[in-house]
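Q: Sequence first, then the predicted structure:
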Amino acid sequence: MIQRPDSPLASTPAQVPALCVVVPVRDEADNIEPLLAEIDAALAGEDFEIVYVDDGSRDATPERLREARARWPRLGVRTHRVTAGQSGALWTGVRAARAPLIVTLDGDGQNDPGDIPKLLRLWRDPAAPAELRLVAGVRMGRKDSGVKRVSSRLANAVRARLLGDATPDTGCGLKLFAREAYLALPRFDHNHRFLPALIQRDGGSIALCPVSHRARAAGRSKYGIANRLWVGLVDLCGVMWLCRRGRLPDLESGDDV
């Protein structure tokens with residue numbers, strides 16, 4: 001059973017935080033310190049840890065993370081020798097987390113850490129849907145280029161139509177979910193873009209949370225139409241197959257064996 005943070009977590013050992021913020025990065029040296037400061041400010045009063053995953057950076061990101069660890073005692077770092085992609089980096093970070101509740105955040109600074117408390121309130125709401133396992137951010141007022149916005153809107157429309165996941169923006173990096181639920185999902189490259197459908201396939205429910213979106217302050221985007229479109233179509237076919245073959249048994253009520 002998935003534990004909610006406002007229930008049996010009171011029995012969690014004191015040294016284990018309740019929440020972990022997982023941030024995948026590649027070549028984001030100039031965004032490390034500003035984002036860490038924002039995360040720390042946004043979660044004042046929360047019991048949390050931070051795990052950064054350096055996904056094979058070739059700039060000064062490793063050095064900046066080493067420097068940051070000396071100043072941020074909550075920070076843990078995992079490093080990929082070879083770039084594994086965003087889904088691979090997220091999986092490494094979630095595996096490294098000690099907390100039962102995970103927040104993911106893009107390392108480019110376009111997600112606002114100030115929105116994390118909004119996701120937490122939805123998760124902790126007594127009126128939240130039964131079997132809530134994911135709160136997904138939906139970006140409002142996108143600050144991306146016109147080409148990127150149009151391609152993202154088209155991809156989201158096609159995905160939502162074929163998967164029926166009722167999520168208008170699965171590309172938003174700001175998400176909150178139970179660590180246990182995430183690690184139980186099928187693992188493959190780019191699976192972070194299909195978390196709502198995969199969670200629903202496993203019998204979980206999702207909630208949507210409008211969040212802000214900011215222009216990139218430093219560094220360069222790693223994504224474009226060329227490296228998303230064709231791979232995304234192949235992934236979509238695979239997830240459609242998983243969802244259609246992943247029916248859960250319909251159990252009768254009765255005594256446990």
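A: Now that the structure is in, tell me what you want to look at.

Q: Could you pull up the contacting residues of Ile206?
A: If you count contacts by CB atoms under 8 Å, 6 or more residues apart in numbering, Ile206 has them with 129, 132-136, 165-167, 196, 199-200. For every residue, glycine as well, the C-beta is placed using N, CA and C.

Q: pLDDT below threshold where in the stretch 51-200 of the chain?
A: 143-164 (pLDDT under 70).

Q: so where do the strands sit in it?
A: 75-80, 101-104, 132-139, 175-178 (DSSP state E, counting those that start in this stretch).

Q: With distance to Phe48 as extra columns, can I get these in a markdown table?
A: Converted to a markdown table, the strands of the stretch 51-200 of the chain look like this (distance: least, CB to CB, whole Å):
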| stretch | distance to Phe48 |
| --- | --- |
| strand 75-80 | 11 |
| strand 101-104 | 8 |
| strand 132-139 | 16 |
| strand 175-178 | 12 |
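
Q: now those in CSV, with mean neighbour count?
A: Output for the strands of the stretch 51-200 of the chain, formatted as CSV (neighbours: other CB atoms under 10 Å):
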stretch, mean neighbour count
strand 75-80, 17
strand 101-104, 25
strand 132-139, 23
strand 175-178, 24
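
Q: so which of the ones you listed comes closest to Asn111?
A: With respect to Asn111, and counting by CB to CB, the nearest of these is strand 132-139 at 7.2 Å.

Q: For the closest one, enumerate the helices and strands it packs against.
A: helix 116-124, strand 175-178, helix 195-201, strand 205-211 (3 or more CB pairs under 8 Å, 6 or more residues apart in numbering; DSSP states H and E).

Q: Out of those, which is closest to Ala96?
A: With CB to CB, the closest approach to Ala96 among those belongs to strand 175-178: 15.6 Å.

Q: The closest one pairs with which strands, parallel or anti?
A: Strand 175-178 has these partner strands in its sheet, going by DSSP bridges: strand 101-104 (antiparallel), strand 132-139 (antiparallel).

Q: Columns distance to Tyr52 on top of those strands, output as CSV?
A: Listed next are the strands paired with strand 175-178 as CSV, based on distance: least, CB to CB, whole Å:
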stretch, distance to Tyr52
strand 101-104, 12
strand 132-139, 19
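
Q: Which among those strands is found nearest to Asp112?
A: Evaluated with CB to CB, the strands paired with strand 175-178 place strand 132-139 nearest to Asp112, the distance being 9.6 Å.

Q: Give me the neighbour count for the closest residue to Glu33 other than its chain neighbours.
A: Once flanking residues are discounted, Glu33 sits nearest to Ala68: 6.3 Å by CB to CB, 6 or more residues apart in numbering. When counting by other CB atoms under 10 Å, one arrives at 18 neighbours for Ala68.

Q: what does Gly203 give?
A: Neighbours around Gly203, by other CB under 10 Å: 11.

Q: For my notes, confirm it occurs in a strand.
A: No. Under the criterion used here (DSSP: H, G, I helix; E, B strand; the rest coil), Gly203 is coil, not part of a strand.
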